[in-house]
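Novice: With the sequence up front, the predicted model follows.
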Amino acid sequence: MALPWKVLDQFTTDDNEIMELRQRGKDDFLITIGSQILMNSKAQRSEMALGKVGCQGLKSHPCPKVMVGGLGMGITLRAVLDALPETAEVLTAELNPKVYDWCCDQLSELTAGAATDNRVTVEIADVAETIKQAQSSSFDSIILDLYRGPHPQTDALNDPLYGSRAIEFAHKALKTGGTFAVWGENPDSAFENRLTACGFNVRCERPGKGGYRHAVWVATKKSIKHKTNYKQKQRKGK
């Protein structure tokens, strides 16, 4: 007989919804909002893949700088840290201070203390604003693991995370060759087109081999030369 879920903590979001942390057994956790399950500690393959591919090639970097948007259970952050050297700097933007508290307390053992790792700085902030305010060429990687990813109804221009203007801010904040990695529930060709139009090389991965497979976009910032050539092609096509 399955054990019942126990509510460990809850709070009311700014949208007047109840977010809860639940536990069943030693390492079986849920984060829910209303009746919706946001995260399940037993189903995290896409989050782990996101952290890994978002930091691919940075293990040998002398001092990589990475931004992670969204803390959640800290699973993606753990994967990021495992892919980075001890000299890395990881800025994590999390909107809800309670989620950060959970990662430092009830969820700490699940992620081997990812949120309190000495490489990590956590800011209680809107990651869209954090990216927007970042200086040019600040980061080697920007990784977005938010509970709502890109989708066909996304405002193509003005969405604060996945619209064209937001993508331009991410492009500016990344170094040439840097990676913009984004989690989503399903593939979205319009989002991929916006990434390409802004000067990224893009691929969409579907981690896993069975069951429901989420989407992970890996977008690499092209060199200035390649981006210029793209713009020239656009002008010629007009």
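Specialist: Perfect, thanks for sending it.
Novice: so what pLDDT did the residue most central in space within the chain get?
Specialist: Most central in the chain under C-alpha atoms, centre = their mean is L144, positioned 1.9 Å from the mean C-alpha point. Looking at L144, its pLDDT stands at 98.
Novice: repeat for the one 3 residues further on
Specialist: In this model, Y147 is scored at 85, pLDDT.
Novice: And for it, the neighbour number?
Specialist: 14 (other C-beta atoms under 10 Å). For every residue, glycine as well, the C-beta is placed using N, CA and C.
Novice: likewise P85?
Specialist: P85 - counted by other C-beta under 10 Å - has 14 other residues nearby.
Novice: Skipping its backbone neighbours, what lies nearest it in space?
Specialist: Nearest residue to P85, sequence neighbours excluded (C-beta to C-beta, 6 or more residues apart in numbering): K59, at 6.0 Å.
Novice: what sits against that neighbour?
Specialist: 83-85 (C-beta atoms under 8 Å, 6 or more residues apart in numbering).
Novice: Among the residues you listed, which ones are in helices?
Specialist: Among those, none falls in helices (DSSP state H).
Novice: where are the low-confidence patches of the protein?
Specialist: Within the chain, the segments meeting pLDDT under 70 span 1, 208-212, 224-238.
Novice: just the strands in the chain please.
Specialist: All strands of the chain, identified by DSSP state E, fall at 6-12, 18-23, 29-33, 36-40, 65-69, 89-94, 120-124, 139-144, 174-184, 200-205, 215-221.
Novice: would a markdown table of those strands with distance to S108 be doable?
Specialist: A markdown table is the format used below for the strands of the chain (distance: least, C-beta to C-beta, whole Å):
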| stretch | distance to S108 |
| --- | --- |
| strand 6-12 | 13 |
| strand 18-23 | 12 |
| strand 29-33 | 12 |
| strand 36-40 | 15 |
| strand 65-69 | 17 |
| strand 89-94 | 15 |
| strand 120-124 | 12 |
| strand 139-144 | 21 |
| strand 174-184 | 22 |
| strand 200-205 | 29 |
| strand 215-221 | 25 |
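Novice: who wins for proximity to V53 among these?
Specialist: V53 lies closest to strand 215-221 among the strands of the chain, at 5.1 Å (C-beta to C-beta).
Novice: Paired strands for that closest one, with orientation please.
Specialist: strand 174-184 (antiparallel), strand 200-205 (antiparallel) (DSSP bridges).
Novice: Domains of this protein: list them as residue ranges, please.
Specialist: Listed domain ranges for the chain are 1-42, 43-236 (source: automatic domain parsing).
Novice: Pick the most deeply packed of these.
Specialist: When the domains of the chain are scored by mean count of other C-beta atoms under 10 Å, the highest mean neighbour count falls to domain 43-236 (a mean of 18).
Novice: circling back: would you mind naming the residues that bridge with the residue nearest to the centre of the chain?
Specialist: Residues in beta-bridge contact with L144 (DSSP bridges): G69, V182.
Novice: measure the residue nearest to P85 to V66 for me?
Specialist: Plainly put, K59 is 12 Å away from V66 if you go by C-beta to C-beta, to the nearest Å.
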